[in-house]
Structure formats: structure tokens, C-alpha cells
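> how does the following fold in three dimensions:
(one chain, ligands or ions: 1)
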Amino acid sequence: MARRRRVYEGKAKVLYEGPEPGTLVQYFKDDATAFNNKKSATIVGKGVLNNRISEYLMARIAEIGIPTHFVRRLNMREQLIKEVEIIPVEVIIRNISAGSLATRLGIPEGTALPRSIVEFCYKSDELGDPLITEEHITAFGWATPQEIDDIMAMSLRINDFLIGLFLGIGIKLVDFKLEFGRLYENEMVRVVLADEISPDNCRLWDTKTNEKMDKDRFRRDLGGVAEAYQEVARRLGIMPEG
Ligand code: C5P
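Residues are numbered from 1 along each chain as shown. So this is what the prediction gives:
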């Protein structure tokens, strides 16, 4: 078979040209990186789990009326997605203090936040994804005020939905990162959810034990990374693989 053209390679995923114009194939690697590439490793089976978990969550999110880039899963490691123009802003939604919020503001990890907090970071590996405000986003033209409104509304709705979904399987959604893109379709442009939602970009804690079931196991050398991702998939009811 002729090799497909590689469009983009990131830390955990590769994007290939898709079978039809306007589509891409998103391939999930087993590679993991943290602290802006300073730490890296291969976690056997991670790509398969994230492909499956992200498929499940994107499909559930589409069911509540939020447009996404996801089309369908193709195989163990690949999914078909619609090609979008990625907005270079990472949207972080937090419900419980952890990670960089805990460090930056001195709020002890595990403290429930008075309300959900949305943060924006500029997507730049060279700069280490710095925290930015709406002012930067509009001043530098990364997104329009209308697009920011749409992104905020979708992010909060996704957060409410996912909090309930995870709570139902004994998991606290501490925080997570979303990315959005512009989809040009039928001579229209609209903002849709893109990238992936998996334990690589969420903090997920067991409700009873507070055990970490996400990438912090890798970041903090806690071990059992693949096992934790597998447990998330099992609780979501999507394991073993059919
Ligand atoms: O490190 P920090 O506390 O800011 O991360 C908040 C959330 O966003 C975590 O769930 C983390 O996994 C996710 N994140 C990400 N990609 C980044 C930065 C953060 O997925 N570049």
C-alpha cells in the first residue's frame, strides 16, 4: 500500500492525509512527553487506549449537540477526523485545584474551586504554552471575540457534561484541556471541538481514594500508567476491545 502523506506529527499523535478531501487520519502513538518534552517515554498500549477513550467521549459530546472534528474510529490506533484549522489556544477547564494552578496561586492540590475556572494558553512548544488572556487572543488575531464566546460556552457545557459522566463511574474530573478548530464546510466556517480527550489531557481522580488515573502518573513517576488508563476505559464500559 502506498504510504499516506504525513501532514503533522505531534508529541502523542500523527495526522495523515485522509481518504477524502477535507478529512485526516489521526494516529495515536504510545509516546508520552511531559514538562515540554524534557521527559519522554513510551507507554505500551497508551495509543490504543486513548484512541478508544477519545472516540467514546467525542461521540457522547456530539450527542449533546456540540460539533466536533471526530468522524469515526478506523482501527486500534486511528480515527477519521474532519480537517480543521486549529486555533492556537489551549483551553483549560478546572474544577479542583491541581498542577500549575496549585503551584501558581498556592492553592493546595485537591481544593474544590468556588466555581469552574477557564484558562487560556498560547499553543507554542518553544514558549512552553504560556498563560494568556482574551486580550492577547483578540489583539493578536488568534480568535475573534465571537469565537471566544463560542469556545467558552462549549467548554463549560462539555465540563458540566463530563463531570456527570465521570462521577457516574466513580471518577472526579479535576481539570482538562481542550482544543478547538475552524471547520470550513458548505461555504460556512464554524468552531468545533478538535484534538482528543483522554487521560493524557485530563486529571482524573478516583472518587473514593483520590488515586490519580491520568498522565500525572507518568509526570510524577507513580508507575502503572497504562493500567490506570485501562481502568478508565473499563469503567467507561469500552474494554475489553471488541
Ligand atoms: O499543568 P496544568 O495544571 O496547567 O494542566 C491542566 C490540565 O490541562 C491537565 O489536565 C493537563 O493534563 C492538561 N494540559 C494538557 N496539555 C498542556 C497543558 C495542560 O493536556 N499542554
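> only C-alpha atoms for contact and neighbour calcs from this point on.
Noted.
> mind splitting the chain into its structural domains?
Residue ranges for the domains of the chain, per automatic domain parsing: 6-82, 85-224.
> just so I know, which of these lies nearest Gln230?
Across the domains of the chain, Gln230 has its closest neighbour in domain 6-82 (6.7 Å, Cα to Cα).
> of the domains of the chain, which is nearest the ligand?
Proximity to the ligand (Cα to the nearest ligand atom) singles out domain 85-224 among the domains of the chain, at 3.3 Å.
> what mean pLDDT does the closest one have?
For domain 85-224, the mean per-residue pLDDT is 98.
> tell me the contacts of the spatially most central residue of the chain?
The residue lying closest to the centre of the chain (Cα atoms, centre = their mean) is Ile197, at 3.5 Å. Applying Cα atoms under 8 Å, 6 or more residues apart in numbering, we find Ile197 in contact with 50, 53-54, 57-58, 177-178.
> residue boundaries of the strands in the protein?
Residue ranges of the strands in the chain, as given by DSSP state E, are 6-9, 13-17, 23-28, 31-34, 39-42, 70-73, 78-82, 85-86, 89-96, 112-122, 131-132, 171-185, 188-194, 202-206.
> let's have these in TSV, adding mean neighbour count.
As requested, the strands of the chain are arranged in TSV below (neighbours: other Cα atoms under 10 Å):
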stretch	mean neighbour count
strand 6-9	12
strand 13-17	20
strand 23-28	23
strand 31-34	18
strand 39-42	13
strand 70-73	18
strand 78-82	23
strand 85-86	16
strand 89-96	22
strand 112-122	15
strand 131-132	14
strand 171-185	21
strand 188-194	18
strand 202-206	21
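> okay, these in TSV with distance to Tyr229 next?
Output for the strands of the chain, formatted as TSV (distance: least, Cα to Cα, whole Å):
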stretch	distance to Tyr229
strand 6-9	23
strand 13-17	17
strand 23-28	14
strand 31-34	13
strand 39-42	14
strand 70-73	18
strand 78-82	17
strand 85-86	26
strand 89-96	20
strand 112-122	24
strand 131-132	28
strand 171-185	12
strand 188-194	21
strand 202-206	10
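> I'd like those strands as TSV, with distance to the ligand appended.
TSV is the format used below for the strands of the chain (distance: least, Cα to the nearest ligand atom, whole Å):
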stretch	distance to the ligand
strand 6-9	15
strand 13-17	13
strand 23-28	15
strand 31-34	9
strand 39-42	13
strand 70-73	18
strand 78-82	19
strand 85-86	14
strand 89-96	5
strand 112-122	8
strand 131-132	9
strand 171-185	4
strand 188-194	13
strand 202-206	4
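> ok, which of those comes nearest Leu236?
The nearest among those, by Cα to Cα, is strand 171-185 at 10.2 Å.
> who's in contact with the closest one?
Here strand 171-185 makes contact (Cα under 8 Å, 6+ apart) with 69, 82-87, 89-98, 151, 155, 162-163, 166-167, 189-197, 201-207.
> let's see that with 7 Å instead.
Outside strand 171-185, the residues that touch it by Cα atoms under 7 Å, 6 or more residues apart in numbering are 84-87, 89-96, 163, 166, 189-195, 201-207.
> residue contacts, Arg72?
Contact analysis of Arg72 by Cα under 7 Å, 6+ apart lists 79-80.
> need the pLDDT of it.
So Arg72 comes in at 98 (pLDDT).
> next one: Asn36
At Asn36, the pLDDT value in this model is 86.
> how near is the nearest residue to it once chain neighbours are set aside to Ala112?
Excluding the flanking residues, the one nearest Asn36 by Cα to Cα, 6 or more residues apart in numbering is Gly128, at 6.1 Å. Between Gly128 and Ala112 the computed distance is 27 Å (Cα to Cα, to the nearest Å).
> now Leu193
According to Cα to Cα, Leu193 and Ala112 sit 26 Å apart.
> Leu74: how many residues sit nearby?
For Leu74, the count of nearby residues is 14 (other Cα atoms under 10 Å).
> thanks a lot, catch you later.
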